[in-house]
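Enquirer: One predicted model, sequence on top.
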Amino acid sequence: MPLDPNRLKDRRKAERYSQRSLAAASGVSKATIDNMERGRCREPKHSVITAIAATLGVEPAYFFEAGAVNNQQAAS
């Protein structure tokens with residue numbers, strides 16, 4: 001299931017992190033976060049998404065749920 005880049009970006013902004021500050025807090029590079037938010041990295045490593053999720057206070061599945069719902073609606 002691919003990552004929903006909008007859920008990542010929206011959550012980051014809601015928690016008042018810049019890409020740079022999220023990178024520093026999570027230990028994930030700013031370039032990786034940028035690529036994820038731009039849809040260039042749709043299937044990140046488990047360790048990456050786990051670190052970002054922990055920093056943003058959500059479960060890793062949070063970043064994938066919207067895409068699953070949208071795919072189900074499109075198939076209907």
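Expert: Perfect, thanks for sending it. Numbers count the residues shown, from 1 in each chain.

Enquirer: Please tell me how far the nearest residue to residue 42 once chain neighbours are set aside sits from residue 44.
Expert: Closest residue to residue 42 apart from its sequence neighbours, by CB to CB, 6 or more residues apart in numbering: residue 2 at 4.0 Å. Quick note: C-beta positions are derived from backbone N, CA and C, even for glycine. From residue 2 over to residue 44 the distance is 10 Å, taken as CB to CB, to the nearest Å.

Enquirer: Between these two, point out the one with more neighbours.
Expert: A direct count of neighbours by other CB atoms under 10 Å for residue 2 and residue 44 places residue 44 higher, at 21 against 14.

Enquirer: mind listing what that one touches?
Expert: By CB atoms under 8 Å, 6 or more residues apart in numbering, the contact list for residue 44 reads 3, 32, 36.

Enquirer: Cross these against helices and list the overlap.
Expert: Counted as lying in helices by DSSP state H, out of the contacts of residue 44, are 32, 36.

Enquirer: Highest neighbour count among the contacts of residue 44?
Expert: Neighbour tally across these (other CB under 10 Å): the maximum, 25 neighbours, falls on residue 36.

Enquirer: any idea of the pLDDT on that residue?
Expert: Note for residue 36: predicted pLDDT of 97.

Enquirer: can I assume it is in contact with residue 5?
Expert: Yes - between residue 36 and residue 5 a contact is recorded at 6.1 Å, counting by CB atoms under 8 Å.

Enquirer: Name the residues of stretch 49-66 that are buried.
Expert: If you call a residue buried by 16 or more other CB atoms under 10 Å, then stretch 49-66 has these buried ones: 49, 51-53, 55-56, 60, 62-64.

Enquirer: ok, now which ones touch the closest residue to residue 51 other than its chain neighbours?
Expert: By the measure of CB to CB, 6+ apart, the closest residue to residue 51 outside its immediate chain neighbours is residue 26, 4.5 Å from it. Shown in contact with residue 26 (CB under 8 Å, 6+ apart): 51-52, 54-55.

Enquirer: re earlier: from the contacts of residue 44, which is closest to residue 9?
Expert: Closest approach to residue 9 among the contacts of residue 44 (CB to CB): residue 36, at 8.7 Å.
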